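[1] generate a structure from the sequence data that follows.
(one chain, ligands or ions: 2)
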Amino acid sequence: MPKAPVDKDDIVRVDFDFRRELARKVEGNLASFCYQCGACVGDCPATTYGDGFNPREIMLKVLYGLGEELLKDDSILWQCTNCYNCHERCPQEVKPVEVIISLKNMLADRDIYPKAVDKIIKTFETTGRTTPLSEAVTRQRERFGLPPLPEVPMDEIRKLIEPGETEPRASARADADKGETG
Ligand code: SF4
Ligand code: SF4
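    Ligands and ions are numbered 1, 2, ... in the order given. Down below sits the predicted model:
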């Protein structure tokens with residue numbers, strides 16, 4: 001019996017540019033070692049309380065190079081809380097959270113991020129913290145017997161985030177690109 005012709009639209013095409021860009025951001029290109037066991041899903045709060053979030057499925061899209069499904073407006077990636085539970089659970093030491101953080105960075109490189117992230121960036125630029133340190137937080141720390149938080153070394157942080165500092169990093173990235181393709 002003759003086989004039905006394959007519809008070209010049904011063929012998954014690996015976006016190797018996306019895979020290469022991600023590999024430059026995640027140390028060791030660990031995503032390739034994911035064998036889809038799903039251990040990262042069980043304790044994921046974003047899976048439990050989010051809307052359709054699943055770290056195993058994200059890793060599968062990474063393996064297939066489906067960048068367009070991840071790097072888009074309203075990306076599901078922002079539901080990840082960066083709690084690192086998946087990092088603890090993964091038997092392959094794939095560090096899915098670090099893959100997801102790198103994907104978020106790729107979104108930010110494209111100026112695609114929620115307004116709430118913009119607020120966090122501004123707070124970090126002015127205080128060196130992602131969450132302002134309030135009186136209430138200080139009181140709670142005292143209640144739980146925690147020591148006061150150390151001063152933030154703003155001088156050092158400014159050196160890292162000032163525009164002049166981005167040039168060496170950009171050229172370093174270009175060198176890395178040459179190494180990747182050369
Ligand atoms: S870091 Fe993100 S993906 Fe991993 S368990 Fe936490 S919420 Fe889920
Ligand atoms: S636990 Fe690790 S190997 Fe298993 S699906 Fe998640 S990322 Fe992949």
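
[2] list the contacts for the most centrally placed residue in the chain?
    Nearest to the centroid of the C-alpha atoms of the chain, with distances taken as CA atoms, centre = their mean, sits Ile101, at 1.3 Å. Neighbour list for Ile101: Asn82 [criterion: CB atoms under 8 Å, 6 or more residues apart in numbering]. Heads up, the C-betas are built off the backbone N, CA and C, glycines and all.

[3] so where does it fall, helix or strand?
    helix 96-109 (DSSP states H and E).

[4] what of Ala4?
    Going by DSSP H and E, Ala4 is not in any helix or strand.

[5] give me the distance between it and ligand 2.
    Going from Ala4 to ligand 2 by CB to the nearest ligand atom, to the nearest Å gives 32 Å.

[6] same check on Glu156?
    34 Å.

[7] what number of residues lie near that residue?
    Glu156 has 9 neighbouring residues, counting by other CB atoms under 10 Å.

[8] with Ala46 instead?
    23.

[9] that one touches Gln79, doesn't it?
    Yes. When contacts are counted by CB atoms under 8 Å, Ala46 is listed as touching Gln79 (4.5 Å).

[10] list residues touching both of these two?
    Contacts common to Ala46 and Gln79, judged by CB under 8 Å, 6+ apart, are Phe53.

[11] could you report the pLDDT at the closest residue to Val12 other than its chain neighbours?
    Take Val12 and drop its neighbours on the chain: the residue closest to it by CB to CB, 6 or more residues apart in numbering is Tyr64, 5.7 Å away. Listed pLDDT for Tyr64 reads 90.

[12] quick check: Tyr64 touching Val14?
    Yes. At 6.1 Å, Tyr64 counts as touching Val14 under the criterion of CB under 8 Å.

[13] look at these two and report which has more neighbours.
    Neighbour tally, Tyr64 and Val14, criterion other CB under 10 Å: the higher count belongs to Tyr64, 15 against 12.

[14] please list all residues in contact with the residue lying closest to Gln92 once chain neighbours are set aside.
    Leaving aside its sequence neighbours, Gln92 sits nearest to Phe33 (CB to CB, 6+ apart; 4.7 Å). When contacts are counted by CB under 8 Å, 6+ apart, Phe33 touches 92-94.

[15] among the residues you listed, which are in reach of ligand 2?
    92, 94 (CB under 6 Å from any ligand atom).

[16] report the buried members of the contacts of Phe33.
    92, 94 (16 or more other CB atoms under 10 Å).

[17] show me which of the contacts of Phe33 is closest to ligand 1.
    Val94 (10.8 Å; CB to the nearest ligand atom).

[18] which ones are touching the closest one?
    Taking CB under 8 Å, 6+ apart as the test, what Val94 contacts is 30-31, 33-34, 40, 59.

[19] output the below-cut-off pLDDT ranges for the protein.
    1-2, 6, 163-182 (pLDDT under 70).
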